[in-house]
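Student: the sequence and its predicted three-dimensional model are supplied below.
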Amino acid sequence: MTIFAPANLKRLFTILMIAGVIAVMTGTPGSSTAPPTTGIHGSYLERVSWFGLFAVQRWFLFFTLGVIVWLLVSFYRPRARTIRHGFDSVLALPKEITAKRPTRIVLILVALAILLFLPKLVHESFWMYLIVEQIGVWILLALGLNVVVGFAGLLDLGFAAFYAIGAYTTALFTGALPMPALFHHPIPTLWVIPIGILAAMIFGVLLGTPTLRLRGDYLAIVTLGFALIIDDFVEIQNGVTGGGVGSTPVPHPSLNLGFLHIHWGISPTPYYYLCLLFIAVFIAVFSALEHSRIGRAWVAIREDEVAAESVGINPLKFKVMAFAVGAASGGFGGVMSAGLVGIINPSLFTYQISVNVLVLVIFGGMGSIWGVALGAIVIQTATIYLDNYQPWGYQFNDLFMYIGALLIVMMIFRPAGLLPSRRRAREFAEAKGGDDVHTDEVLTGEQP
Amino acid sequence: MSDDVVGESVEAESAVAAVTASDLIIRAENLTLRFGGVVSLRDVSIEMRRGEILAVIGPNGAGKTSLFNSLTGVYQPQEGTITFTARDGAPMSVIGKKAYQIAQAGVSRTFQASRLFGALNVFENIKIGAEDHRGIGLVGALLKGPRTRRGEHESDDVVIELLEFVGLKREANVIASQLSYGARRRLEIARALATDPEVILLDEPAAGTNPSEKLELAVLIRRVRDERGVSVLLIEHDMKLIMSLAERLYVLNFGSVIAEGSPAEIRSNPVVIDAYLGSSHEETVA
């Protein structure tokens, strides 16, 4: 491929557009008093130094950076992986196909060691709290939504509903709501964990059974409606949920086995370990499901529902199962949040949460458990950083602009996500088809 | 395993010899299927004997695929009855059943435009067909108890046996969307056979294949019946293929059955010739 091939020039155009957008995003904030030097205008025309050599206007700096990126991309040649697959014709039994490489096990062990000792490295409880609340809980949510969106291929725009159900179930059973606890007998927060998970799963089945007969866009609209109903319900029903003000404090959980006494209190560290434990459990359960008959049935439905039915798969049953399984970790996320934050109110469960979780799943790689977890870590860490350090004149709501831009860039260059699942990457390539597969393959090393 | 196959093929031969009511594996009576004002099937009755290779032919738009979709639960005809009689003798009414229930009962099918799971490899495609999707519980799948593991091994064995049967053993690891047309067709048949059906419905199995692949497919389809004892109902446009393969044919035109009989009878039937070549010359001249 020559560097001036139409496809490559098209890519130059895309990169320059992105460079232009980044120039504005990192430029001076708008101001009505001094328009020529601020806002979009100022972002392009402000004089800056060109790599310390001479003074140029900003647009020139960003465009030269864009051209450099374009040149690097044009000359980058990934190893040709296509050939191996095309001619790999020896019959391998499933065991050999799924055999894990030792490098991967080492990687997991290293990651686990870092995760276990993280509280020793992070001294301030302020950061620990954010790690649990902003990263840990969001990993749980992303893992759950990944089962629904990534495994079964169902677009769910209302995942925050299950999060809310988990949290409000916790408040209800611990007696933190205006409505009296069940049987007028509040139970310890720790015991609510299975109840919260179960409640979310039951709602998953209740919502799924009538609505999962719908496909694609229609399902997305119904799930969106469900989330809005839950959100409105908790907001309006003052007598039941405490309305906009929210619950009274949910008691911190504690565990007393005589020889072992753990109290989850002000310090976020015990919460961190609890969260870590459950993330590990959910990852283990979800990946076992992915590689079971159920996981394969999900793939079949996702790929071609009519064909799946023709081999005896009941689509509704497996879709409802995906909904319930996904809701489980969402529900646990809610229990976690309620215990950690203490006072829960509707502002924690808005539509924005559903969208953000979906962004994590898409960014990380739909259908890839590790990808989704990594995606949640990357995006949420960036969020914490931006919110607390406010670099480059960052203002609170700018986050959505950055995330939007990030998603656009991802969709162009790496549509299957950060750590794509192999099957999903193939599906994307298949859907695009033709010449585009080739350009994509050159750029990202993806399998067509 | 080999004893089974022999037993089944003997059974298949005897079924062709003597036809009684209980030997009918599929019996469709007076089917009428409408889409709004358009009548797709009009009072169609067909009978399929256990162990035969039966073909449905007809010009484009005659209602062949509609008939297939009615038999497999994809469409629900407004009038008529369809009865499927399993080998154990229990008749089942097909109308009102869902497509997956009919597949579980033992009626399997392939599609006109092949519908494989394109991102999965050949092995996985067949395995999804081989697995039992009925008694799956979340807990069982998670704990991987002895029953689950035995199920896994059994379906792996089925897949390996089918890979050899259709001749795709060397392509087990290839992604389905990268296969040649002929191989895709064979994979679709393997996936349909993996559900352990009693009857298999093939919708234009040779579409898009080259002449040598067509020959291989004809051999494979005959082996499906002879070696596995599975009755075959097929739609095909290639007359040479169908006349050499089918033992009996139904001819559809404008949603109605216009003829039924052996290949020789159909070939010389004036009504059929009319349907394929348009109304006869005398009429148009007069």
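Tutor: Happy to help now that I have it.
Student: and A:Leu12, how far is that from A:Gln395?
Tutor: 32 Å (Cβ to Cβ, to the nearest Å). Bear in mind the C-beta positions are built from the backbone N, C-alpha and C, glycine included.
Student: neighbour count winner among these two?
Tutor: A direct count of neighbours by other Cβ atoms under 10 Å in any protein chain shown for A:Leu12 and A:Gln395 places A:Leu12 higher, at 18 against 10.
Student: and the more buried one, what does it touch?
Tutor: Going by Cβ atoms under 8 Å, 6 or more residues apart in numbering or on different chains, A:Leu12 touches A:66-67, A:70.
Student: wait, a helix at it?
Tutor: Yes. Counting by DSSP: H, G, I helix; E, B strand; the rest coil, A:Leu12 is located in a helix.
Student: measure it to chain B for me?
Tutor: According to Cβ to the nearest Cβ, to the nearest Å, A:Leu12 stands 31 Å off from chain B.
Student: okay, and the beta partners of the residue lying farthest from the centre of chain A?
Tutor: Distance from the centre of chain A peaks at A:Phe54, with 42.5 Å (Cα atoms, centre = their mean). Going by DSSP bridges, A:Phe54 is paired in beta bridges with A:Trp50.
Student: OK, now which residue of the stretch 151-300 of chain A is nearest to chain B?
Tutor: A:Ser292 (4.1 Å; Cβ to the nearest Cβ).
Student: select the longest helix from the chain.
Tutor: Answering for chain A, as no chain was given. Counting by DSSP state H, the longest helix found in chain A is helix A:315-341.
Student: nope, chain B please
Tutor: When chain B is parsed with DSSP H, its longest helix is helix B:146-166.
Student: toward the C-terminus, what is the element adjacent to that helix?
Tutor: Counting by DSSP states H and E, the element after helix B:146-166 in chain order, helix or strand, is helix B:181-194.
Student: can you pull the buried residues of that following helix?
Tutor: B:182-194 (16 or more other Cβ atoms under 10 Å in any protein chain shown).
Student: which element is B:Ile46 on?
Tutor: For B:Ile46, the enclosing helix or strand under DSSP H and E is strand B:38-49.
Student: so the next helix or strand after that strand versus strand B:38-49, what angle?
Tutor: Moving toward the C-terminus from strand B:38-49, the next helix or strand (DSSP H and E) is strand B:53-57. Orientation note: strand B:53-57 sits at an angle of 160 degrees relative to strand B:38-49 (axes from the mean of the first three to the mean of the last three Cα atoms, to 10 degrees).
Student: distance from stretch A:196-211 to the middle of the chain?
Tutor: What separates the centre of stretch A:196-211 from the centre of its chain is 21 Å, taken as Cα atoms, centre = their mean, to the nearest Å.
Student: quick one: that stretch near chain B?
Tutor: No. Taking Cβ under 8 Å from any Cβ of the partner chain as the criterion, stretch A:196-211 and chain B are apart, separated by no less than 9.7 Å.
Student: list of residues touching that stretch?
Tutor: Residues outside stretch A:196-211 that contact it (Cβ under 8 Å, 6+ apart) are A:161-162, A:165-167, A:169-170, A:173, A:219, A:222-223, A:226, A:316, A:319-320, A:323-328, A:330-332, A:334-335.
Student: do the same with stretch B:181-189
Tutor: With Cβ under 8 Å, 6+ apart as the test, stretch B:181-189 has contacts from B:110-111, B:114-116, B:122, B:125-126, B:166-168, B:171, B:176, B:179, B:200, B:202, B:205-210, B:213, B:216-217, B:220-221, B:224.
Student: what subset of those residues is also close to chain A?
Tutor: Contacts with chain A within the contacts of stretch B:181-189, counted by Cβ under 8 Å from any Cβ: B:111, B:115-116, B:171.
Student: shaky segments in the stretch 101-250 of chain B?
Tutor: Scanning the stretch 101-250 of chain B for pLDDT under 70 picks out the ranges B:136, B:144-145.
Student: how about B:Arg34, secondary structure?
Tutor: strand.
Student: grab the nearest non-local neighbour of it.
Tutor: In this structure, B:Arg34 finds its nearest non-sequential neighbour in B:Gln78, 5.7 Å apart by Cβ to Cβ, 6 or more residues apart in numbering or on different chains.
Student: how close does the residue farthest from the centre of chain A get to A:Phe63?
Tutor: 15 Å.
Student: quick one: the strands in chain A, in order.
Tutor: Assigned strands in chain A, in chain order: A:47-50, A:54-57, A:254-256, A:261-263 (criterion: DSSP state E).
Student: quick one on the thing from earlier: and the closest residue to the residue of the stretch 151-300 of chain A closest to chain B other than its chain neighbours, what are its phi and psi?
Tutor: Distances taken as Cβ to Cβ, 6+ apart place B:Ala141 nearest to A:Ser292, at 4.1 Å, with adjacent residues excluded. Note on B:Ala141: its backbone torsions stand at phi -70, psi -30 [degrees, to the nearest 10].
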